[in-house]
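>>> sequence and predicted model, in that order:
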Amino acid sequence: MRITDTAHALAVAAELSAAFAEGAAARDADRTLPHAQVQALKDSGLLALSVPVEHGGIAAPATVIAEVFRLLAHGDPSLAQIPHSHYTFLEALRLQGTDAQQAFFYEKVLGGALFANAQSERGPHPIDVDATTLVLTEPDTYALDGRKYYSTGALFADWVIVRASLPDIPGETPTSSTPKALAFIAADTDGLQVVDDWDGMGQRTTASGTVTLDAVRVPTSQVVPFTPIFARPTTYGARAQLFHAALDVGIATAALAEGVRQSAKARPHFEAGVDTAADDPTVVHIAGEVTVTVRGAQALLAEAGRAVDAAAADLDEDSAAAASVAVAVAKVAATRASLEASSTLFELGGTRSASGAANLSRYWRDARTHTLHDATRWKLQHIGRYTLSGTKPPRHGQL
């Protein structure tokens, strides 16, 4: 399917959200990977929302894509997280890809191709060092070796995007200053293996497993520079974090809605002297408190999206910084809202809501697992410095 405009995109996302919600509890409980649902996402046309108009897309604004993520996460947060890296790498392609690379990969995406990430590594090296390396073995071919973890969606991907170091000297040990690039690798490439070993307590069906790379041959035409993205003002990090925030807001709105459903089944406390839990003044107060938190997070998400779109339209150091800070504020609010709403739903629902068969703990487990991405304590540091002294935040993919 081809998405024709932003209204069409939101309508399709709403339909998928409702479809994804069906069976979400069972998929989580049994860790049943959502192959059929991911195929529906590929067929929906939503994966091409950010493709530029000149390449056949609609260049949907960040505000719309963020709302698409929120809707999908409202239905099933695991499914919503699977295309996150897809959109992030499309932005890297827009910023750093050659004309030929853009034409090639945009065509793939318009046809329903899904990109997935292979970025994170484990120590002992620092988190900003990629031990995985690209080594030029022929004039037009790199060899890629390494091991990546938390590779969300890689099992479902048509293309796995690997972030790797480009050492100046073959065999040189990468450091935090070693240039990095993105290798776009077809999922069926020899030497690329995706291992289904994700065992997180939440986001259980994201297939965030391990990717191993053993002498993978990568044509130079499939390698996009990554480090230069941060040498100038961009909205790369802000967009990535905006979509993460949207996932958390989606968890929050879904948890609040579930809490309301559970309250309709709950019995009021005997001291309230009322017939239904919805008339219990203590339950009413709890519902009011969590509604303010969740709706506040939704409003801040929308405001952050507008800041990202404004920066993209008139980009300089000031607008990029303002966008990053607005997104950081939204991410902090979204984290708090998702954790509060997913915990409060049990207060609204009472004892029966803690039934294991209902599996309502998945809301909190999803929130707690996903919000561990990109610690909000550091976002608060950058927000505070910007507020007090106008200090612009650093340029990286987590802000």
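Everything's here; your move. Computed from a predicted model, the values in this text were never measured in an experiment.
>>> then Gln203 would be within a strand, right?
No. Read with DSSP: H, G, I helix; E, B strand; the rest coil, Gln203 is coil and lies in no strand.
>>> who's in contact with it?
Each residue near Gln203 by C-beta atoms under 8 Å, 6 or more residues apart in numbering is listed here: 77-78, 81, 365-366, 369-370. In this view, the C-beta of every residue, glycine as well, is placed from N, C-alpha and C.
>>> and Asp145, by the same measure?
Counting by C-beta under 8 Å, 6+ apart, the residues that Asp145 touches are 132-133, 135, 213-216.
>>> wait, is it part of a strand?
Yes. Looking at Asp145 with three-state DSSP, it is inside a strand.
>>> any idea how far Leu213 is from it?
According to C-beta to C-beta, to the nearest Å, Asp145 stands 6 Å off from Leu213.
>>> do the same with Asn117
13 Å.
>>> residue with max distance from the center of the chain?
Using C-alpha atoms, centre = their mean, the residue of the chain lying farthest from its centre is Gly273. It sits 45.5 Å away.
>>> give me the pLDDT value at Ile127.
Looking at Ile127, its pLDDT is 87.
>>> go on, Asp168?
The model reports Asp168 with a pLDDT of 79.
>>> circling back to that earlier point, look up the pLDDT of the residue farthest from the centre of the chain for me, please.
94.
>>> over to Ala277?
91.
>>> need the max-distance pair from the contacts of Gln203.
The largest separation in the contacts of Gln203, counting by C-beta to C-beta, is between Gln81 and Arg365 at 13.3 Å.
>>> between those two, tell me which one has more neighbours.
Gln81 (26 against 19; other C-beta atoms under 10 Å).
>>> the more buried one contacts Thr205, correct?
No. The pair Gln81 and Thr205 does not pass the contact test of C-beta atoms under 8 Å, sitting 9.5 Å apart.
>>> in a strand, Thr210, correct?
Yes. The assignment for Thr210 (three-state DSSP) places it in a strand.
>>> my guess is it contacts Tyr149, does it?
Yes. Between Thr210 and Tyr149 there is a contact under C-beta under 8 Å: 5.5 Å.
>>> okay, buried residues for stretch 125-138 please.
129-135 (16 or more other C-beta atoms under 10 Å).
>>> I'd like the residues you listed as TSV, with distance to Val109 and secondary structure appended.
Listed next are the buried residues of stretch 125-138 as TSV, based on distance: C-beta to C-beta, whole Å; DSSP: H, G, I helix; E, B strand; the rest coil:
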residue	distance to Val109	secondary structure
Val129	30	coil
Asp130	25	coil
Ala131	29	coil
Thr132	24	coil
Thr133	27	strand
Leu134	23	strand
Val135	28	strand
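>>> with distance to Thr178 added, can I get the residues you listed in JSON lines?
Formatted as JSON lines, those follow (distance: C-beta to C-beta, whole Å):
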{"residue": "Val129", "distance to Thr178": "7"}
{"residue": "Asp130", "distance to Thr178": "8"}
{"residue": "Ala131", "distance to Thr178": "10"}
{"residue": "Thr132", "distance to Thr178": "11"}
{"residue": "Thr133", "distance to Thr178": "9"}
{"residue": "Leu134", "distance to Thr178": "11"}
{"residue": "Val135", "distance to Thr178": "12"}
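>>> quick one: which of those residues is nearest Thr6?
Asp130 (35.8 Å).
>>> Ala36: how many residues sit nearby?
With other C-beta under 10 Å as criterion, Ala36 counts 10.
>>> packing partners for the helix or strand encompassing it?
Secondary structure assigned from DSSP states H and E places Ala36 in helix 35-44. Contact here means 3 or more C-beta pairs under 8 Å, 6 or more residues apart in numbering; DSSP states H and E; on that basis helix 35-44 packs against helix 6-21, helix 77-81.
>>> out of the ones you listed, indicate the one that is most buried.
Mean neighbours per residue, mean count of other C-beta atoms under 10 Å, is largest over those for helix 77-81, with a mean of 29.
>>> residues contacting that helix, please?
20, 24, 27-28, 34, 37-38, 41, 69, 72-73, 152-153, 203-206, 247, 250-251, 254, 366-367, 370.
>>> follow-up on the earlier one: need the helices and strands packed on helix 35-44 in CSV (columns: mean pLDDT and distance to Glu258).
Below are those laid out as CSV (pLDDT from 0 to 100; distance: least, C-beta to C-beta, whole Å):
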stretch, mean pLDDT, distance to Glu258
helix 6-21, 98, 10
helix 77-81, 98, 13
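>>> let me know which of these is the nearest to Phe105.
The stretch from the helices and strands packed on helix 35-44 with the least distance to Phe105 (C-beta to C-beta) is helix 6-21; that distance is 20.1 Å.
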